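Trainee: model this:
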Amino acid sequence: MGEEQVKIKILRVSSVVPAMATVKQSMFLSNLDLFWIPVANVQTLLFYKVSPAMEFTAVTDMLKRSLSLALVDFYPVAGRLNPKGSGKTGRPEIDCNDSGVEFVEASIDVPFQDLEKDEFRHKSFFQQLLPIRDGSKFENYEGPLFSVQVTGFRGGEICIGATLHHVVSDGSSFWHFLNGWAECSRGSTISKKPEHMRTIFEREQKINCAVPNISFRAEEVVIGDIKGAQIFKFMRDDNLQPTNAGEGEIMKVNNINTDQTEDLEIFGFHFNEEIIAKLKERAGAASSFVAVCAHFWRSVTRAREVPDKEAVDFGIIVNSRGRVKTPLPPTFFGNCVCLGFARTRAEQLLGQDLRIAAALIQELIKSCTTDEQLNTLIDYVDSRLRSGNPLPSLGAETLGGRYFVGASNSPRFPVYEIDYGWGKPLNAQTAMLNDIGGMMLYPGRDGGMDIYTRLPRQQMKTLKRILMVIPN
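Mentor: Purely as a prediction, here's the structure:
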């Protein structure tokens, strides 16, 4: 059966509410939450083999019961987004009202063994394994903040496709929630209770005060023989006049990606421990993440045949829970990440040793992992809102250029600890990718690291040929 012929049958759609009533309240959304409003939802696919003795309805009933239990502790997930808020400020909030989450039951007439034999190579129909909700439709967003689809394969195996509105949580909290749900499914209690403490990032409302001048712009750095490399981050412009979104330095950041948008392919690459060790040695990097990202950035730049003088960008999102002055617990539930990106020219990136790319990424990480940078991001959102900029415009100012490689998700997330009672997933991966040439990182099932990317087919063909070649 060709991929284009695969159809998924929706059997039933229901709502799952917390197992017991929770306290009705309006939950404050910090600037770190609001920043992610225009961004695609957090999502994943998890493939499992289930005991042949279990009927599909028994599987879904068990998952619904355990999800209901998990929602008692993770009650914001069962709420609704209130774009206008309940207070005088009109600030968006989560209405924690136990309205529930969406639970979709579906079937697919595809042998699970075919996926196993193909080592779960990404298929075009995988997108249908995820309930689609567009979190960027902020002003008109209705319905549940979390949706899950459980799809039964021929033979009894299942795929769990889960998606959560990014305003509710970042990747760390998303996987925390899925792990808590899995614990309930195994008959255990949630071992790591979520900490709902978003007000720690609340800023005092100052009346008739000047709006701070903060922009996302470049700071030049010198890395080895590369001159003119830049780190884009949030900076205070105390001596500059206020600017509106899209003005000034921002115009130097945003470029439209004009690569072809048809005939795109998603493919996953596995980096085993041996390859990672060799890359770390070549890159002179202590971090597996830095070494693999530096190699991928160079390889995808080569595969895309980027002209020598064109700017090439590499962006990251970093967990800031342990990096604020008063460190937050790992169980903090919400968004607590900072971001930035590095820029150089293609000829510099490819004409230098792998160590240079690794050093530039390491410098980027250093710039993003300070308490000052996180607080500047918080004030940046505040300044934009007080200047009348619409919420969906916030993230748009921090996009890279045409040849932008953004690293999202993390190989450190406990993906293969998500055991609902049938053992760890056989495979975990993304249902879809929006960026061209970006990186979606997952831990490998048995160690190492998996990277999913999306490119035009001819460029992907080149990347498949060169990515696993270790540079001298």
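Trainee: residue 90: neighbour count?
Mentor: Residue 90 has 11 neighbours, counted by other CB atoms under 10 Å. Glycine gets a C-beta too; all of them are placed from N, C-alpha and C.
Trainee: tell me how far it lies from residue 145.
Mentor: 20 Å (CB to CB, to the nearest Å).
Trainee: run a quick neighbour tally on residue 117.
Mentor: Close neighbours of residue 117, defined as other CB under 10 Å, add up to 10.
Trainee: actually residue 185, not the one I wrote
Mentor: Neighbour count for residue 185, taken as other CB under 10 Å: 22.
Trainee: mind listing what it touches?
Mentor: 62-63, 66, 420-421 (CB atoms under 8 Å, 6 or more residues apart in numbering).
Trainee: over to it: give its phi and psi.
Mentor: phi -70, psi -30 (degrees, to the nearest 10).
Trainee: how about the one 3 residues further on?
Mentor: Backbone torsions for residue 188, taken as degrees, to the nearest 10, come to phi -100, psi 170.
Trainee: and if you look at residue 173?
Mentor: Dihedral angles (degrees, to the nearest 10) for residue 173: phi -70, psi -30.
Trainee: how about residue 113?
Mentor: phi -60, psi -30.
Trainee: show me the contacts for it.
Mentor: residue 155.
Trainee: let's have the chain start at 33 instead
Mentor: Yes, from this point I'll number from 33; that puts the last item at residue 145.
Trainee: and it, how close does it get to residue 253?
Mentor: Taking CB to CB, one finds residue 145 at 51 Å from residue 253.
Trainee: for residue 260, what are its contacts?
Mentor: By CB under 8 Å, 6+ apart, the neighbours of residue 260 are 252, 376-377, 380.
Trainee: mind doing that once more with 10 Å?
Mentor: Each residue near residue 260 by CB atoms under 10 Å, 6 or more residues apart in numbering is listed here: 252-254, 375-377, 380.
Trainee: check for me that it belongs to a strand.
Mentor: Yes. Residue 260 sits within a strand when classified using DSSP: H, G, I helix; E, B strand; the rest coil.
Trainee: now the helix or strand hosting residue 312, how far from the chain's geometric center?
Mentor: According to DSSP states H and E, residue 312 maps onto helix 305-315. Relative to its parent chain, helix 305-315 has a centroid offset of 25 Å by CA atoms, centre = their mean, to the nearest Å.
Trainee: what sits up against it?
Mentor: For helix 305-315, the external contacting residues (CB under 10 Å, 6+ apart) are 301, 303, 317-328, 385-391, 393-394, 443, 476, 478-481, 499-500, 502-504.
Trainee: just the buried residues from those residues, in ChimeraX please.
Mentor: Isolation of the buried members of the contacts of helix 305-315 (16 or more other CB atoms under 10 Å) is achieved in ChimeraX through the command below:
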select :301,303,317,320,321,322,323,324,325,326,327,328,386,387,388,389,390,391,393,394,443,476,480,481,499
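Trainee: mind listing what residue 372 touches?
Mentor: 248, 251, 263-266, 346-350, 396-397, 399-401, 405, 409, 430.
Trainee: give me that answer again for 7 Å
Mentor: 263-265, 347-348, 396, 399-400 (CB atoms under 7 Å, 6 or more residues apart in numbering).
Trainee: ok, now residue 62?
Mentor: Taking CB under 7 Å, 6+ apart as the test, what residue 62 contacts is 230, 233-234, 366.
Trainee: swap in residue 56?
Mentor: If you count contacts by CB under 7 Å, 6+ apart, then residue 56 has 128-129 around it.
Trainee: what's it sitting at in phi/psi?
Mentor: Main-chain torsions, residue 56, degrees, to the nearest 10: phi -70, psi 130.
Trainee: re the thing from before, in helices only, show me the contacts of helix 305-315.
Mentor: 320-328, 386-391, 393-394 (DSSP state H).
Trainee: low pLDDT regions in the protein?
Mentor: 33-36, 119-121, 165-172, 236-243, 270-294, 423-429 (pLDDT under 70).
Trainee: pull the longest helix from it.
Mentor: Longest helix in the chain, counting by DSSP H: helix 88-105.
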